[in-house]
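K.L.:
Got a sequence here, can you build the structure:
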Amino acid sequence: MRLLSQRNYWPYVFYSYGLNSRARDRLTDPVYATQSMRPSLCFIFLHVKYYMKLQDDSISAAAPTQEIKRQPIAVAQPPKSRQTDAESVRDLICFSHLRWNFVYQRPQHLLSRASRQHRVWFIEEPIWDNQQRVEVRKVNDSLTVVVPHLLHGTSPDNALAAQRHVVDELIAREHITDFAAWYYTPMALLFSDHLKPKLTVYDCMDELSAFWGAPPKLLEQERELIRRADIVFTGGYSLYEAKQSRHPRVFAFPSSIEYSHFASARQPQTDPADQQPIKHPRIGFSGVIDERFDRELVAELAHRRPEWQFVLIGPIVKVKKEDLPKGDNVHYLGMKQYQDLPTYFSNWDVGMLPFAMNDSTKFISPTKTPEYLAAGLPVVSTPIRDVVRTYGSQDFAQIAATADEFEKAVDLALAGKHPTNWTAIDQFLSENSWDKTWQDMSKLMQAQVNLTINE
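P.N.:
Residues are numbered from 1 along each chain as shown. Below you'll find the model as predicted:
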């Protein structure tokens with residue numbers, strides 16, 4: 001009997017997906033695959049494994065002397081019955097440490113797109129209240145935010161029991177049967193470990209254990225979540241490298257971009273009222289102002305260059321405002337709605353990423369890097385690993401490790417001397433949309449569900 005080995009399958013894969021010899025040579029490099037050929041190769045890894053499983057099942061059921069014939073096109077097109085099985089994951093239950101109405105970032109981008117295919121239930125952490133209730137809020141027809149409100153003084157054990165009840169009641173009320181569990185916080189396992197999802201996804205967007213105030217049980221719960229997960233996504237390449245040895249199916253999906261939204265900032269926009277009184281040049285930062293924000297760097301730059309105006313938009317979290325940089329040229333405008341960000345960016349001169357170099361920033365992949373660039377802003381960043389790797393290495397952003405370097409880089413940007421290749425920047429951004437990222441994630445999830453069904 002002639003068997004088709006895994007090696008025999010590769011020519012069919014290349015034929016079906018139109019991959020060239022360079023793709024073949026780099027197929028086994030997971031970092032390269034996820035960074036440079038993510039749209040096809042990540043899917044292929046699971047897709048081929050799925051078909052190898054189908055082959056094994058077919059061979060075991062066949063007569064010993066029967067020759068198994070395969071058509072190349074079969075590798076690219078799963079049988080309809082298997083496709084139906086994958087699509088039967090109707091619901092996606094997300095457990096998040098971030099609130100939907102907080103800064104609009106990775107969870108909102110991905111799950112709003114997921115809601116085009118699934119009913120999405122976004123379960124937030126509890127709010128302490130004077131009344132115990134469950135807040136249910138519709139974002140769109142297929143995306144619902146669920147927020148438990150618990151009484152002040154509720155014990156930790158009772159709080160977990162209450163959250164478990166909220167989840168069980170939701171599943172019963174909405175007739176949720178075949179679903180995927182999508183985790184941003186491993187701590188949610190403490191009240192959801194009894195669930196039987198068809199697929200468990202851990203979308204690790206940050207190394208939460210390195211943040212101020214991280215729960216003592218976080219690392220223990222993350223180990224358990226990784227053990228249970230069918231697939232692990234990471235929010236950047238540094239996180240990928242940190243997690244890849246801990247699970248057989250880890251894929252890097254760094255911060256992406258909603259290009260058309262931010263590219264509108266390249267056209268003149270009316271300056272928002274709270275920004276109009278601020279003079280130029282404006283050096284802007286948009287994001288959460290917390291322990292990751294390099295207060296000393298910004299204070300030093302503001303002192304050195306009083307003619308530069310530092311515009312900071314975003315919530316202040318876990319740090320005291322009185323400890324942040326002060327001065328006539330430092331302006332805190334608070335958190336802004338996602339839809340309003342282009343109007344602010346359009347009236348800036350430089351976008352900055354003044355992140356401190358500490359444990360909490362070791363694995364971050366800032367969403368603002370591509371957003372600034374899409375808005376047409378020159379970018380200056382401290383040497384965050386994923387920014388250096390993705391943007392600094394291609395000379396899309398300037399990297400500055402000290403106040404001296406940062407000052408020189410901003411001067412260069414203000415003079416219009418950096419960046420110089422906007423065509424290459426736009427090409428890169430067009431290939432890294434949130435739509436594409438969700439499509440690739442969805443393919444991997446579908447392949448994993450198919451594989452699990454046939455194991």
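
K.L.:
shaky segments in the stretch 1-150 of the chain?
P.N.:
Applying pLDDT under 70 to the stretch 1-150 of the chain flags residues 1-87.

K.L.:
rerun at 50
P.N.:
Scanning the stretch 1-150 of the chain for pLDDT under 50 picks out 1-40, 42-43, 47-86.

K.L.:
Go ahead and confirm N140 touches S115.
P.N.:
Yes: using C-beta atoms under 8 Å, N140 makes contact with S115 at a distance of 6.0 Å. Glycine gets a C-beta too; all of them are placed from N, C-alpha and C.

K.L.:
Same drill for these two, tell me which one is more crowded.
P.N.:
Comparing N140 with S115 by other C-beta atoms under 10 Å, the one with more neighbours is S115, at 19 against 10.

K.L.:
need the contact list for the more buried one.
P.N.:
Applying C-beta atoms under 8 Å, 6 or more residues apart in numbering, we find S115 in contact with 139-140, 142-143.

K.L.:
any idea how far it lies from V103?
P.N.:
To V103, S115 is 19 Å away according to C-beta to C-beta, to the nearest Å.

K.L.:
Just list the residues touching the residue nearest to R305 when sequence neighbours are not counted, thanks.
P.N.:
Closest residue to R305 apart from its sequence neighbours, by C-beta to C-beta, 6 or more residues apart in numbering: E407 at 6.7 Å. Counting by C-beta under 8 Å, 6+ apart, E407 touches 301, 304-305.

K.L.:
With R137 instead?
P.N.:
When contacts are counted by C-beta under 8 Å, 6+ apart, R137 touches 100, 144-147.

K.L.:
Just name the closest of those to A374, please.
P.N.:
Proximity of the contacts of R137 to A374 (C-beta to C-beta) peaks at W100, which lies at 23.1 Å.

K.L.:
Skipping its backbone neighbours, what lies nearest that closest one in space?
P.N.:
Spatial nearest neighbour of W100, excluding adjacent residues (C-beta to C-beta, 6+ apart): V145 at 4.8 Å.

K.L.:
can you check I364 too?
P.N.:
Leaving aside its sequence neighbours, I364 sits nearest to I384 (C-beta to C-beta, 6+ apart; 6.1 Å).

K.L.:
burial count for that neighbour?
P.N.:
26.

K.L.:
Report the contact partners of it.
P.N.:
Applying C-beta under 8 Å, 6+ apart, one finds that I384 lies in contact with 353, 355, 357, 361, 364, 366.

K.L.:
next one: V311
P.N.:
Applying C-beta under 8 Å, 6+ apart, the residues near V311 are 275, 278, 282-285, 331, 333, 344, 348.

K.L.:
So it versus E322, what's the distance?
P.N.:
V311 is 20 Å from E322, by C-beta to C-beta.

K.L.:
Okay, and which of the contacts of V311 map to helices?
P.N.:
Under the assignment DSSP state H, the contacts of V311 contribute Y344 to helices.

K.L.:
Return the member of the contacts of V311 nearest to I176.
P.N.:
Nearest to I176 among those is Y344, at 39.6 Å by C-beta to C-beta.

K.L.:
contacting residues around that closest one?
P.N.:
Taking C-beta under 8 Å, 6+ apart, we find Y344 in contact with 272, 275, 284, 286, 311, 313, 333, 336.

K.L.:
and these, which are buried?
P.N.:
Listed as buried from the contacts of Y344 are 275, 284, 286, 311, 313, 333, 336; burial here means 16 or more other C-beta atoms under 10 Å.

K.L.:
With pLDDT as added columns, please give those residues in a markdown table.
P.N.:
A markdown table is the format used below for those (pLDDT from 0 to 100):
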| residue | pLDDT |
| --- | --- |
| Q275 | 98 |
| G284 | 98 |
| S286 | 97 |
| V311 | 98 |
| I313 | 98 |
| L333 | 98 |
| K336 | 97 |
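
K.L.:
any idea which of the residues you listed is the one closest to E241?
P.N.:
For the buried ones among the contacts of Y344, the residue nearest E241 by C-beta to C-beta is S286; the value is 27.2 Å.

K.L.:
you'd agree that closest one is up against F345?
P.N.:
Yes: taking contacts as C-beta under 8 Å, S286 lies within contact range of F345: 7.5 Å.

K.L.:
Spell out which residues are contacts of both of the two.
P.N.:
In contact with both S286 and F345: 351, 371, using C-beta under 8 Å, 6+ apart.

K.L.:
Which residue ranges of the stretch 101-250 of the chain form strands?
P.N.:
Per DSSP state E, counting those that start in this stretch, the stretch 101-250 of the chain carries strands over the ranges 119-123, 127-129, 133-140, 143-151, 179-183, 199-204, 231-234, 250-252.

K.L.:
who does the fifth one pair up with?
P.N.:
Take DSSP bridges as the rule and strand 179-183 pairs in its sheet with strand 91-95 (parallel), strand 199-204 (parallel).

K.L.:
Between strand 119-123 and it, find me the angle.
P.N.:
Here strand 179-183 runs at 40 degrees with respect to strand 119-123, directions being taken by axes from the mean of the first three to the mean of the last three C-alpha atoms, to 10 degrees.

K.L.:
L151 bridge partners, please.
P.N.:
With DSSP bridges as the criterion, L151 is bridged to D129.

K.L.:
Now for it, how many residues are close by?
P.N.:
L151: 15 neighbours (other C-beta under 10 Å).

K.L.:
dump the residue contacts of it.
P.N.:
L151 sits next to 128-132 when contact means C-beta under 8 Å, 6+ apart.

K.L.:
same deal with P370?
P.N.:
255-257, 429, 432.

K.L.:
can you check K326 too?
P.N.:
Here K326 is in contact with A299 (C-beta under 8 Å, 6+ apart).

K.L.:
so it, which of the three states?
P.N.:
Look at K326: counting by DSSP: H, G, I helix; E, B strand; the rest coil, its state is coil.

K.L.:
and the gap between it and G392?
P.N.:
Per C-beta to C-beta, K326 is found 30 Å from G392.

K.L.:
do D386 as well
P.N.:
Counting by C-beta to C-beta, the gap from D386 to G392 is 10 Å.

K.L.:
Which one's more surrounded, these two?
P.N.:
Remark: of D386 and G392, D386 carries more neighbours, 24 against 20, as counted by other C-beta under 10 Å.

K.L.:
ok, that one - contacts?
P.N.:
The contact partners of D386, by C-beta under 8 Å, 6+ apart, come to 236-238, 254, 363-366.

K.L.:
okay if I get the residues you listed as CSV plus neighbour count?
P.N.:
Formatted as CSV, these follow (neighbours: other C-beta atoms under 10 Å):
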residue, neighbour count
G236, 26
Y237, 20
S238, 20
P254, 25
F363, 25
I364, 23
S365, 27
P366, 25
